[in-house]
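1. Quick one, fold the following:
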Amino acid sequence: MTDCAMADDNDGLEDELELLSAMWSENELKIKRSPAEDASAVKASLTARLMPLTAGDQGLQHLWCEVHLEVPPDYPEEALLIALGASRGLSDQSRCSMLQYLQKISHQLLGGPALHGILEAASEELTKLNSTPSGDCAICLASLSETPVLEGKLQLQDMQDATAARVCTPCFHVFHYTCLMECWKSCLAKTPASQCDPLLITLACPECRCEIQLAAMPQFQSVISRFPEPESISVTDIKNEEKEAGGYCDDAKPMVRSLVSDTETSTLQVQPEAFIRLHHLHHGNDPKEKPLLRLLKELRLNATVYYGKPALLHIQGEASDVDAFAGTAKRRHITITIDVALRQSGPAIDSGITAIPAKKGSLDSVTLKTHLDGRKLGETQFTIIGP
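-> Okay, the predicted model is just below:
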């Protein structure tokens, strides 16, 4: 290539970079130019943080992706070097197909300006992928392309509030609207009404445990409206109430009244729980054992682990953490042979993680039967051996 041609190409590249700088903010696009004297290096490198095109409605953006572009020495006669960086909401398959598509576009644009065309093509591809989120819901494990029906659990008003069958959190994790609604309702049910301020309350993402302000997701604020306003009770009201009950006297030491009723005391001993079945889990020599135990600790769950083939995990903790366990294990590829056999609330189990060793390679059915009988359950109420 002659010096004149090289100068023309450099001028053309500089025009492209200046145009992109005018169209994109510094937060959206970072450009690094290589020294002019280094002819063997790439001429420039660009990193763009791309979002789907949703007419400015961030609530409809379910994913994002970084695209890295390197301008080779012989550009535009040589194709751009393209790589995908960090992303959220994109499966490995979607990333692979998107990269192949951009490389195809890059070769089609050989011989002319290609930077803007590649970034536009990437934005359009993200928009297509955004309209049909891939993968499974981490709560129910069903495909995001399906709409679960939770009979008797959601009121009609809830469904009218749902702007779509799927919903994306600010941390870019997508769930079925109905699944996330039920998960968060169970968390809010244990929150005192006096603390249900829509501007202050936070809830955890079932996927990554990130704290999310409810105010950032207005489609869920209707749940708050169901909580009654806390009653204002004065000291005089309490005194009058206790005088009528014969338990208060101005001249004597007042009778100590419990702040927790008998019903509330028994409720405190009941915890959200689930029985999780696995095809197998062997103690000490199973590659998925340590990741599963780490996940239990990460979600702050108490658990009784019945090792063997089949295997069973009895977990307890916060409702949102219990609901998130199986889905998170599957999405992290810890194991795919995991299923929720039973989800309910029950008496508290021992804190921490309790291991029940296998008997001749199989689950200790005698110990499990004793455990289930003590909880007024039985093996006939759910299938232990998974598919």
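2. So H107: helix, strand or coil?
-> helix (DSSP: H, G, I helix; E, B strand; the rest coil).
3. So what's the residue count around it?
-> By other C-beta atoms under 10 Å, the residues close to H107 number 10. Heads up, the C-betas are built off the backbone N, CA and C, glycines and all.
4. Please name the nearest non-neighbouring residue to it.
-> A79 (5.4 Å; C-beta to C-beta, 6 or more residues apart in numbering).
5. Could you say which helix or strand holds the one you found?
-> Of the helices and strands defined by DSSP states H and E, none includes A79.
6. Identify the residues contacting it.
-> A79 is in contact with P72, Q103, S106, H107, L110, A114, counting by C-beta atoms under 8 Å, 6 or more residues apart in numbering.
7. Relative to A121, how far out is it?
-> Computed as C-beta to C-beta, to the nearest Å, the A79 to A121 distance reads 14 Å.
8. which residues do these two both contact?
-> By C-beta under 8 Å, 6+ apart, no residue touches both A79 and A121.
9. Could you measure from the residue nearest to H107 over to S320?
-> 47 Å.
10. try C140
-> C140 sits at a distance of 14 Å from S320 (criterion: C-beta to C-beta).
11. Between the two ends of stretch 207-215, how far is it?
-> Start and end residues of stretch 207-215 are separated by 19 Å (C-alpha to C-alpha, to the nearest Å).
12. Give the partner strands of the host helix or strand of A274 in its sheet and their orientations.
-> Assigned by DSSP H and E, A274 belongs to strand 270-278. Its sheet considered, strand 270-278 pairs with strand 311-316 (antiparallel), strand 338-347 (antiparallel) by DSSP bridges.
13. ok now the shortest one, how far from the chain's centre?
-> Averaging C-alpha positions (C-alpha atoms, centre = their mean, to the nearest Å) puts strand 311-316 22 Å from its chain's average.
14. can you list the residues that contact it?
-> If you take C-beta under 8 Å, 6+ apart as the criterion, strand 311-316 is touched by 271-281, 292, 296, 301-306, 322, 325, 341, 346, 348-349, 363, 368, 371, 384.
15. and after that strand, which helix or strand comes next?
-> Next along the chain after strand 311-316, taking DSSP H and E as the criterion, comes helix 319-331.
16. Tell me how far the residue nearest to the spatial centre of the chain lies from Q61.
-> The structure's the chain has its C-alpha centroid closest to E207; by C-alpha atoms, centre = their mean the separation is 2.6 Å. The gap separating E207 from Q61 is 17 Å, by C-beta to C-beta.
17. again, but for I334
-> 28 Å.
18. same thing with G374?
-> For G374 relative to Q61 (C-beta to C-beta), the value is 49 Å.
19. Going along the chain, name the helices of this structure.
-> Using DSSP state H, the helices of the chain run over 3-23, 92-108, 115-131, 156-161, 177-188, 235-244, 262-268, 289-298, 319-331, 365-374.
20. Among G374 and Q61, which residue is more densely surrounded?
-> Neighbour totals were compared for G374 and Q61, and Q61 leads with 19 against 9 (other C-beta under 10 Å).
21. Against I315, how distant is the residue nearest to G317 when sequence neighbours are not counted?
-> Nearest residue to G317 in three dimensions, chain neighbours excluded: L301, at 4.1 Å (C-beta to C-beta, 6+ apart). Separation of L301 from I315 (C-beta to C-beta): 5 Å.
22. Equivalent analysis for K43, please.
-> 55 Å.
23. Who has more neighbours out of those two?
-> I315 (24 against 20).
24. Enumerate the beta-bridge partners assigned to that one.
-> Bridge pairing for I315 (DSSP bridges) gives the partners A274, A303.
25. Around C65, count how many other residues there are.
-> Neighbour tally, C65, other C-beta under 10 Å: 25.
26. Please disregard the earlier target; I meant R375.
-> 13.
27. How about it, nearest residue that isn't a chain neighbour?
-> Using C-beta to C-beta, 6+ apart and skipping residues adjacent in sequence, the residue nearest R375 is G346, 5.7 Å away.
28. now swap in C187 and tell me
-> C187's closest residue in space is S320 (C-beta to C-beta, 6+ apart), at 5.1 Å.
29. For this structure, give me the ranges with low pLDDT.
-> Where the chain drops to pLDDT under 70, the residues are 1-9, 36-40, 59, 132-134, 147-164, 190-199, 221-268, 378-387.
30. how about 50 then?
-> Applying pLDDT under 50 to the chain flags the ranges 1, 4, 151-163, 227-235, 238-239, 242, 245-268, 385-387.
31. still on that earlier bit, can you say which of the strands paired with strand 270-278 is packed in most?
-> Highest mean neighbour count of these: strand 311-316, a mean of 24 (counted as mean count of other C-beta atoms under 10 Å).
32. before we move on, back to that, quickly list what's touching both of L301 and I315.
-> In contact with both L301 and I315: V322, F325, using C-beta under 8 Å, 6+ apart.
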